[in-house]
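Q: sharing a model prediction with you, sequence too.
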Amino acid sequence: MVDSTGKTAADEVHRTPDGVDDRTAATLTIAGRMASAALAAIDPGPDDTVLIGGAAGGVGVFAVQLARIAGARVIGTGSATSADCLRVLGAEPVVHGEGLADRVRALAPGGATAVLDLHGVETVRVAREIGVPDSRICTIAAQVDGVTAANGANAAPGALEEIAGLVAAGRLRVPIAATFPIDEIRRAAELQAGRHVQGKIVIDL
Ligand SMILES: NC(=O)c1ccc[n+]([C@@H]2O[C@H](COP(=O)([O-])OP(=O)(O)OC[C@H]3O[C@@H](n4cnc5c(N)ncnc54)[C@H](OP(=O)(O)O)[C@@H]3O)[C@@H](O)[C@H]2O)c1
């Protein structure tokens, strides 16, 4: 199995972990480790309210659940159509776009204490607007001066095994939005490029 980013981690081959199905296993190496690396940059804990931009996407579904497992309250941005998906993952949904800062303040009058922007720069801008220090903001889809940009390749050793263990234990689930046979990979890429996928797309080999 490869995941739909096309990053097959050619130099990495992993056995599908016990208790994890093949399709789910295919999602862990890239998206799971990216979420783990991004969270490590902000180190959420039980005293945190974490705002996650693009929370229902392939990386977001891991980030939301890992932050919840770390004990944090999570507010996740998405379209109205992603609200149910976000709730199931454990996040409080908030619609992205104009007025986001006010909507976050309404949900969390004390503000967020840490922020991941998984989509662009809007959530970084809002984080600064509501007073989150740059040291507790992390991006993965844009470069912003003063803010850490995470890279899944820098995830902690053992991150993949930890996530696989959580999946096997039923504590973390990966929504599979769609699967495609390899000869329909173009359709998969087009769907992913639309940037409104909830969870992961998997290509069957
Ligand atoms: N997926 C991976 O395995 C992976 C791995 C490493 C790096 N990356 C990179 O990480 C970034 C995120 O990738 P991804 O696959 O998680 O998601 P994505 O495909 O880039 O975006 C999908 C998510 O973004 C949300 N979204 C759409 N428009 C938005 C907006 N204006 N503001 C905030 N959120 C918005 C969507 O929610 P709604 O539909 O509800 O709007 C959806 O949940 C990308 O730059 C990607 O290249 C991805």
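A: That came in fine, so what should we check first?
Q: contacts only, for Asp18.
A: Going by Cβ atoms under 8 Å, 6 or more residues apart in numbering, Asp18 touches Ala168. Just so you know, the C-beta spots here come from the backbone N, C-alpha and C atoms, and that holds for glycine as well.
Q: nope, Glu92 is what I was after
A: When contacts are taken as Cβ under 8 Å, 6+ apart, Glu92 is in contact with Arg73, Val74, Ile75, Gly76, Leu86, Leu107.
Q: for the residue nearest the centre of the chain, give me its contacts.
A: Residue closest to the average C-alpha location in the chain (Cα atoms, centre = their mean): Gly60, at 1.9 Å. By Cβ under 8 Å, 6+ apart, Gly60 lies in contact with Ala35, Ile52, Gly54, Gly76, Leu118.
Q: and for Val126?
A: For Val126, the contacting residues are Leu51, Gly53, Leu100, Ala101, Val104, Val115, by Cβ under 8 Å, 6+ apart.
Q: sec struct for His14, please.
A: coil (DSSP: H, G, I helix; E, B strand; the rest coil).
Q: and the closest residue to it other than its chain neighbours, how far from Arg173?
A: Leaving out its chain neighbours, the residue that sits closest to His14 by Cβ to Cβ, 6 or more residues apart in numbering is Thr29, at 6.7 Å. Separation of Thr29 from Arg173 (Cβ to Cβ, to the nearest Å): 17 Å.
Q: of the contacts of Glu92, buried ones?
A: When those are checked for burial by 16 or more other Cβ atoms under 10 Å, the buried set is Arg73, Val74, Ile75, Gly76, Leu86.
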